[in-house]
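# give me a model of this one.
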Amino acid sequence: MTGKVFAIQIGTIATCTRFHAMQTQDFMIQTSAYVATRERALTPLWKYIATCWMGATSMAVCAMSAWDSRLSFHGGCDTISTMDATRRQALAGAAALALSGAFPHPLSALRLEGAKPPTVRPGRLRPGDTVGLIDPASATWEPVNVEIIEESWAALGFKTKRGVHLLERRGYFAGTDEQRAGDVNAMFADPEVRAIQCVRGGWGCARLLPLLDWATIARNPKILLGYSDITALLLSLFAKAGLVTFHGPLGISQWNPFNVGWVKRVLQDGEAVTFENPKEIGEDDLVVVENRVQTLHPGTARGRLLGGNLTVLTALVGSAYLPDWDGCILFIEDVEEAPYRIDRMLTQLRLSGILQKARAVIWGNCSDCDPGEGYGSLTVTEVLQDHIRPLGVPAWQGAMIGHIERQFTLPVGVEVEVDATAGTIRMLEPAVVDSPTPPR
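Presented below is the predicted three-dimensional model:
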């Protein structure tokens, strides 16, 4: 009698175990199917949570299944069948989905929102390397401009490869957002391409950011070169992938000895250079007139070099595509903006807390930013004195950065030391390496 009661109790436990296991299986299979169909829409945090949950649940269900089978065997409950084969296969599939297939990136690559990725320097350029040409913003109207860019890179000893949609056009854009983003993703994924040259700026890069394949970019660190509207790519690639990028000539820029010299030294030779305006005295002058440094606040400082075009940078404030500004060396430039607009944008940077986080501020050039004929306008210099000088950090204006014929090739994301009196930016490390190592 006692043995029968014990067998009934064991059978009851097995039934309950089996019932809960089957319920858990059903929920897990439904969850894994949902995750598989929505994988691209899930944030890295939710992917990580779902992965851990399904992995833990699969092990728990397997344990309940084993206990269920063991109870059925020892308890002699031959009238109650164990978990059927179909459900076991579904469970195995769900477990495999949780631990591998649903998430193509390793867990170490799934960073929590707001997490700071490690800094990655791209590989340096070598003679014979291939430079990819893309147009992520405004359209290039004349094909001959692309031919000139190709010939210019060839003269420097490099091959070029056009993006599939390089000469597309949709209104003022170089194709649709999907086409332009597709060219960016394809160039990073292409093992033949060593560096990526943006042909021109204009407007449109910010529209691409939600469409970029950040995992592919992180796995394939490459040089990205450009300025103006390309600021959106330069800053977001550093913010999202930790990739050092380069604020320098566009494809349509002038490839004069000054620009070529900085490109070679920074991207090809891998020098840790010191950027300094040339002190050139013109034939008709007694002192230096052009490219003068005007110190707003003296001093030296060290930090990570971040910045770009003021209009584009300001438009990204509040998004997830800007880096951590804490302790940065901030550089800014712009073109064809009235002083009141510069005032408005610097006010926004101050109200958002970005200006206060900078250890130093470098104002490049604001080409064609004159007060105009309006009564009582401030000058750009006066606007800078209102916003930058009160910060009390080293600051100057006049660095050779911006929409000018001769400009530096600045590494975005590299540690530098600046001297506001001398107007110098000294790199503390090379911006490129012989063999880039993507984050694991």
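# what's the neighbour count on the closest residue to residue 319 other than its chain neighbours?
Of all residues not flanking residue 319 in the chain, residue 209 sits nearest, at 7.7 Å (C-beta to C-beta, 6 or more residues apart in numbering). Heads up, the C-betas are built off the backbone N, CA and C, glycines and all. When neighbours are counted by other C-beta atoms under 10 Å, residue 209 registers 22.
# assign residue 209 to helix, strand or coil.
Here residue 209 is helix, with the state taken from DSSP: H, G, I helix; E, B strand; the rest coil.
# just checking, it touches residue 236?
Yes. Counting by C-beta atoms under 8 Å, residue 209 touches residue 236, with 5.4 Å between them.
# now do the shared contacts for these two.
Common neighbours of residue 209 and residue 236 are listed as residue 321 (criterion: C-beta atoms under 8 Å, 6 or more residues apart in numbering).
# who does the residue nearest to residue 158 when sequence neighbours are not counted bridge with?
The shortest distance from residue 158 to any non-neighbouring residue, by C-beta to C-beta, 6+ apart, is to residue 131 (5.2 Å). Listed by DSSP bridges, the beta-bridge partners for residue 131 are residue 160, residue 195.
# can I assume residue 131 is in contact with residue 196?
Yes. Counting by C-beta under 8 Å, residue 196 is a contact partner of residue 131 at 7.2 Å.
# need the overlap of contacts for the two.
By C-beta under 8 Å, 6+ apart, no residue touches both residue 131 and residue 196.
# quick revisit: how far away is the residue nearest to residue 158 from residue 187?
10 Å (C-beta to C-beta, to the nearest Å).
# can you list residues touching both of those two?
161, 193, 196.
# adding pLDDT, distance to residue 179 and neighbour count, write those residues out as JSON lines.
Formatted as JSON lines, the shared contacts of residue 131 and residue 187 follow (pLDDT from 0 to 100; distance: C-beta to C-beta, whole Å; neighbours: other C-beta atoms under 10 Å):
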{"residue": "161", "pLDDT": "98", "distance to residue 179": "16", "neighbour count": "17"}
{"residue": "193", "pLDDT": "98", "distance to residue 179": "18", "neighbour count": "23"}
{"residue": "196", "pLDDT": "98", "distance to residue 179": "16", "neighbour count": "26"}
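# thinking again about what came up before, and the residue nearest to residue 158, what pLDDT?
On pLDDT, residue 131 comes in at 98.
# cool, and residue 289?
At residue 289, pLDDT is 89.
# the one 4 residues further on now?
According to the model's per-residue confidence, residue 293 sits at a pLDDT of 95.
# residues touching the closest residue to residue 322 other than its chain neighbours, list them.
Leaving aside its sequence neighbours, residue 322 sits nearest to residue 316 (C-beta to C-beta, 6+ apart; 5.3 Å). Residue 316 sits next to 206, 232, 235-236, 322 when contact means C-beta under 8 Å, 6+ apart.
# cutoff 7 Å now
Contacts for residue 316 (C-beta atoms under 7 Å, 6 or more residues apart in numbering) come out as 206, 232, 235, 322.
# can you list the residue ranges for strands in the protein?
Taking DSSP state E to define them, one finds strands in the chain at 130-134, 159-162, 193-198, 223-226, 245-247, 274-276, 294-297, 300-309, 328-335, 360-367, 395-397, 410-412, 415-419, 424-427.
# distance to residue 120 added to those, as JSON lines?
What follows is those, written out as JSON lines (distance: least, C-beta to C-beta, whole Å):
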{"stretch": "strand 130-134", "distance to residue 120": "18"}
{"stretch": "strand 159-162", "distance to residue 120": "22"}
{"stretch": "strand 193-198", "distance to residue 120": "15"}
{"stretch": "strand 223-226", "distance to residue 120": "12"}
{"stretch": "strand 245-247", "distance to residue 120": "11"}
{"stretch": "strand 274-276", "distance to residue 120": "22"}
{"stretch": "strand 294-297", "distance to residue 120": "33"}
{"stretch": "strand 300-309", "distance to residue 120": "14"}
{"stretch": "strand 328-335", "distance to residue 120": "18"}
{"stretch": "strand 360-367", "distance to residue 120": "24"}
{"stretch": "strand 395-397", "distance to residue 120": "29"}
{"stretch": "strand 410-412", "distance to residue 120": "12"}
{"stretch": "strand 415-419", "distance to residue 120": "14"}
{"stretch": "strand 424-427", "distance to residue 120": "16"}
